[in-house]
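**Q** Need coordinates for the following:
(2 chains)
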Protein chains: 2
Amino acid sequence: MADWLDLEQRFFCTPLRAHFMMFDRTIRHCRQCGAPVARRLPDDGDTKLRAICTVCNTVHYENPLNVVGTVPVWGDQVLLCQRNIEPRKGKWTLPAGFMELGESTSEGAARETTEEAGAQFIMEDLFTVMSVPRVGQVHLYYRARLTSDVFDPGHETMEARLFKEEEIPWDELAFRTVKETLEHYFADRRAGHFATHAFDIA
Amino acid sequence: MADWLDLEQRFFCTPLRAHFMMFDRTIRHCRQCGAPVARRLPDDGDTKLRAICTVCNTVHYENPLNVVGTVPVWGDQVLLCQRNIEPRKGKWTLPAGFMELGESTSEGAARETTEEAGAQFIMEDLFTVMSVPRVGQVHLYYRARLTSDVFDPGHETMEARLFKEEEIPWDELAFRTVKETLEHYFADRRAGHFATHAFDIA
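**A** The predicted model follows:
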């Protein structure tokens, strides 16, 4: 019950709450031996409460996750994907997903673009780095230059299509990080110079 | 035994191997119920083997970790910390450490700079974003402007001191990410312009 309240407190009122409730990451048992864990201070001078095994004393750290994706561009149009999965099923997003072990941020961003949109593209520079501490995530988007306007979306995507700036469904975007990234993209395009933008989303 | 071989294969020959061997993150038991896990494909279309509970079917994802730090600058000098902990005890590093839940990348970088160097500083722009897929990490460094040349290092640091470019102990640096960040810093300083540098370290 205490764990559940922790989770509620951490994620309540966030757009991604539903997502996190489906993937409860709260640590109740030790990954090494299976015994229950207790929240206490480790013995190494650490000042944060950690989930520590009551039998073998393994310390379980919980850290933020990276979400990696792209802004795929075809001429004056940007590729968006209509989500076919929760959270935010039916809403529009840039292709993105959780970074995996064994890949770099740009490799992960390219993989997600292939998986979600079936797009062909050339990766360009890192564009946005957005911390979202409320949900324990960092979102990193790269610009990508599409080499075809034919797409073959995967099962996570209902539709993949190109939008001009004036066609972007601003009120139907899935996540604030997508909205912020698109706003910076169009602003930089008007200014004639693309930078890397790093900022926090409260 | 299979898990151990996986770990060896993943981290063998890396500078951080010793660190990872001290913090074995291999998942053997379910965090929800404590039962053993098995490596298999989930039922949701995922194409990667995951640690899945043999009793309650909880899927355990393993994802890269972020390391966040700063390049603290005082005039023409950069602050380095001599490590008082393994791995790389006695070697020199920029202040940095694992990003925690509840903080942004810049907040984590500032926290580590306070903890490891006891420095007073003003945070500046994101400077390097380096993926190190071999060890499942992304390192992010911010530039920081020191407002005092008096330091009060914590228990993880033997000594915190300022170095001019020609004094940097290049052969005694703790990590390749620190070397790359310092090289980019001095190159940008010579060029008179600081950019954000994103690249992979094989």
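
**Q** Would you mind finding the longest helix in chain A?
**A** Of all the segments of type helix in chain A, defined by DSSP state H, the longest one is helix A:176-191.

**Q** Mind listing what's buried along that helix?
**A** If you call a residue buried by 16 or more other CB atoms under 10 Å in any protein chain shown, then helix A:176-191 has these buried ones: A:177-178, A:180-182, A:184-185. C-beta here means a position set from N, CA and C on the backbone, and glycine is covered the same way.

**Q** any idea how far the residue nearest the centre of chain A lies from chain B?
**A** Most central residue of chain A, judged by C-alpha distance to the mean C-alpha position with CA atoms, centre = their mean, is residue A:67 at 2.9 Å. Counting by CB to the nearest CB, to the nearest Å, the gap from residue A:67 to chain B is 10 Å.

**Q** Wait, a strand at that residue?
**A** Yes - with DSSP: H, G, I helix; E, B strand; the rest coil as the criterion, residue A:67 is assigned to a strand.

**Q** pretty sure it contacts residue A:138?
**A** Yes - with contact defined as CB atoms under 8 Å, residue A:67 reaches residue A:138; the gap is 7.2 Å.

**Q** out of everything not next to it in sequence, what's closest to the residue nearest to the centre of chain A?
**A** With sequence-adjacent residues excluded and distances taken as CB to CB, 6 or more residues apart in numbering or on different chains, residue A:67 is closest to residue A:139, at 4.5 Å.

**Q** A helix includes the one you found, no?
**A** No - assigned with three-state DSSP, residue A:139 falls outside any helix and is strand.

**Q** That one bridge partners, please.
**A** The partner list for residue A:139 in beta bridges (DSSP bridges) reads residue A:67, residue A:130.

**Q** That one - how many residues pack around it?
**A** Residue A:139 has 24 neighbouring residues, counting by other CB atoms under 10 Å in any protein chain shown.

**Q** That one is in contact with residue A:70, isn't it?
**A** No - if you go by CB under 8 Å, residue A:139 and residue A:70 don't touch, sitting 11.7 Å apart.

**Q** Mutual contacts of these two, please.
**A** Shared contacts of residue A:139 and residue A:70 (CB atoms under 8 Å, 6 or more residues apart in numbering or on different chains): residue A:96.

**Q** ok, back up a step: give me the packing partners of the longest helix of chain A, helices and strands only.
**A** Using 3 or more CB pairs under 8 Å, 6 or more residues apart in numbering or on different chains; DSSP states H and E as the contact criterion, the secondary-structure elements in contact with helix A:176-191 are strand A:65-74, strand A:121-132, strand A:137-146.

**Q** Would you format these as TSV with mean pLDDT and distance to residue B:106 included?
**A** Rendered in TSV, the data for these read as follows (pLDDT from 0 to 100; distance: least, CB to CB, whole Å):
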stretch	mean pLDDT	distance to residue B:106
strand A:65-74	98	15
strand A:121-132	98	7
strand A:137-146	98	11
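
**Q** and residue A:102, which of these is closest to it?
**A** Ranking these by their distance to residue A:102 (criterion: CB to CB) puts strand A:65-74 first, at 13.2 Å.

**Q** tell me what that closest one is packed against?
**A** If contacts are counted by 3+ CB pairs under 8 Å, 6+ apart, strand A:65-74 sits against strand A:77-83, strand A:96-98, helix A:105-117, strand A:121-132, strand A:137-146, helix A:176-191.

**Q** that older thread, quick check: which helices or strands does the very next helix or strand once past the longest helix of chain A pack against?
**A** Stepping forward along the backbone from helix A:176-191, the first helix or strand reached (DSSP states H and E) is strand A:197-200. Strand A:197-200 sits against strand A:121-132, helix B:105-117, with contacts defined as 3+ CB pairs under 8 Å, 6+ apart.

**Q** Of the ones you listed, flag the one that's most buried.
**A** Per residue and on average, the most neighbours among the helices and strands packed on strand A:197-200 fall to helix B:105-117, with a mean of 23 (mean count of other CB atoms under 10 Å in any protein chain shown).

**Q** Remind me what that one packs against, helices and strands.
**A** Identification of packing neighbours for helix B:105-117 by 3+ CB pairs under 8 Å, 6+ apart yields strand A:121-132, strand A:197-200, strand B:65-74, strand B:77-83, strand B:96-98, strand B:121-132, strand B:137-146, strand B:157-164.

**Q** Could you check the angle that helix makes with strand B:157-164?
**A** Angle, helix B:105-117 to strand B:157-164, by axes from the mean of the first three to the mean of the last three CA atoms, to 10 degrees: 110 degrees.

**Q** just the angle between helix B:105-117 and strand B:137-146, please?
**A** Here helix B:105-117 points in a direction 70 degrees away from that of strand B:137-146 (the same axes, to 10 degrees).

**Q** Point me to the residue sitting farthest from the middle of chain A.
**A** Largest separation from the mean C-alpha position in chain A: residue A:55, at 34.9 Å (CA atoms, centre = their mean).

**Q** what's the spacing between the residue lying closest to it once chain neighbours are set aside and residue A:54?
**A** Among residues not flanking residue A:55 along the chain, residue A:35 sits closest, at 3.8 Å (CB to CB, 6+ apart). Remark: distance between residue A:35 and residue A:54 (CB to CB, to the nearest Å) = 6 Å.

**Q** Equivalent analysis for residue A:162, please.
**A** Counting by CB to CB, the gap from residue A:162 to residue A:54 is 55 Å.

**Q** That's all I had, so thanks and see you.
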